[in-house]
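> sequence below, structure please.
(one chain, ligands or ions: 1)
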Amino acid sequence: MTDSIYFAPLLPWQQALWTQLTSRVLSPPHNLPHALLAAGMQGMGKRAFVWRLIAWLLCQERQQYPLGACGQCQSCQWLRSGTHPSLQVLPITSMPISTESQENNQAVSNNKKTKTNTKSVKATNVAALTVKVDDIRALQPFIYQGGQGMRICVLDHAEKMTIAAANALLKTLEEPQAQVHLFLISDVPAKLLPTIKSRVQQLPLQGVEPAIANDYVAQELGNTINREVVSSIQITQLLQLANGAPLAAIELAKATWYSKRALWLTTWQALRSGKRSSIAASDYWQAEVDLPDFLKLTELMLIDVRRVCLGLDSSQKDIALLAALEKYQPTDNALETLLSQLRQTKTALQQNVQEKFAYDKLMQDLAYL
Ligand SMILES: [Zn+2]
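Presented below is the predicted three-dimensional model:
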């Protein structure tokens, strides 16, 4: 994520919401609800919307630029450098600034995690993340300082708050401060305390018209991946696999592991027939994709295998899944067991599990599926 998320074009399915919220600010009541929640599954553009809106709210020229922050004024420059005095972000790793400016920046480097590469922090730490009561308390001086101008607090991965942190936040929600706005972001809103949810206004950011999603994905992929033409059937499939979330569909299309689905099928068949040993398959795949990606690939494949075994259509039309299952179908029990093992391995990955060991074990399980 770079600073451009503040100034990126508005996603087409968010236009109505943008107009609605910005006109509330530009004309009576001249304000937004005190606390807003952007919640729901990943890939719908929640964060894109929130950061863009925040940049606009803070922009000194917003009257002249109703469609998005100007990108030039002092406020916009502060955002770019990650030094905006009117913006506080929890956890600090969610601040959309480049790794370089994070490292060089005194104002935001009060957390040692910022020294790590942003990408790896995102990839490995979100699951292990906790927002503690002290983190929430540390926001209080900023929230209650008074003074001129709008101040904004962002609480990303809000479901990661401990109970004590959530209770501390509740107090803040119950005492709205003039000019202070809280933005909560959550991919798993079901894990948020109901008392928190009842005190924030949820932004309707879920649900994209299939036609709009289709057009957007087609346009963003430029109709090609690796110089191959992406057909409308493939786009429909990507969106289906991504539960209709356009950004997730695009990410999927670009993921290396997604391009290896046919290869996975070949490996599985070779393992089953004994033409290939699980150790050889494990060594081969370790060089192809890392374990977290192989887990995603295997999960997607097993879910689809299960669909076919249950007599449903395969969600993948571009690989020969049906043919592979013509002669042999694993039992539903075996599939369920392996799928739950995959989920356990995913969790274990956060505790420094040995990649090679987990890979070997998984190949063995696939051989006997
Ligand atoms: Zn500006």
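
> contacts and neighbour counts: CA atoms only from here.
OK.

> any low-confidence regions in the stretch 51-200 of the chain?
The stretch 51-200 of the chain contains residues with pLDDT under 70 at 97-125.

> which parts of it are strands?
87-90, 151-155, 180-186 (DSSP state E, counting those that start in this stretch).

> for the first one, name the packing helices and strands.
This points to strand 87-90. Secondary-structure packing of strand 87-90 (3 or more C-alpha pairs under 8 Å, 6 or more residues apart in numbering; DSSP states H and E): helix 133-144, strand 151-155.

> looking at these, which is closest to the ion?
Smallest distance to the ion across these (C-alpha to the ion): 15.1 Å, for strand 151-155.

> so what strands line up beside the closest one?
Here strand 151-155 is paired, per DSSP bridges, with strand 87-90 (parallel), strand 180-186 (parallel).

> out of the ones you listed, which one sits most buried?
Comparing these by mean neighbour count (mean count of other C-alpha atoms under 10 Å), strand 180-186 ranks first with a mean of 22.

> the nearest residue to R272 once chain neighbours are set aside: neighbouring residues, count only.
Spatially, and ignoring its direct neighbours in sequence, R272 is nearest to A367 (4.7 Å; C-alpha to C-alpha, 6 or more residues apart in numbering). If you count neighbours by other C-alpha atoms under 10 Å, A367 ends up with 20.

> does A367 touch S278 like I think?
Yes: using C-alpha atoms under 8 Å, A367 is in contact with S278, at 6.8 Å.

> shared neighbours, the two?
Common neighbours of A367 and S278, using C-alpha atoms under 8 Å, 6 or more residues apart in numbering, are L271.

> is L182 in a bridge, and if so with what?
Applying DSSP bridges, one finds that L182 bridges with A35, C153.

> surely it meets L36?
Yes: at 6.2 Å, L182 and L36 qualify as touching, with contact defined as C-alpha under 8 Å.

> for the residue nearest the centre of the chain, which non-adjacent residue is spatially closest?
Taking C-alpha atoms, centre = their mean, the centroid of the chain lies closest to Q42, which sits 4.3 Å from it. Take Q42 and drop its neighbours on the chain: the residue closest to it by C-alpha to C-alpha, 6+ apart is D187, 6.0 Å away.

> and the one you found, how far from P12?
21 Å (C-alpha to C-alpha, to the nearest Å).

> compare the two (neighbour count), which wins?
More neighbours surround D187 than the other of D187 and P12, with 17 against 12 (other C-alpha under 10 Å).

> show me the contacts for that one.
By C-alpha under 8 Å, 6+ apart, D187 lies in contact with A39, G40, M41, Q42, H157, E159.
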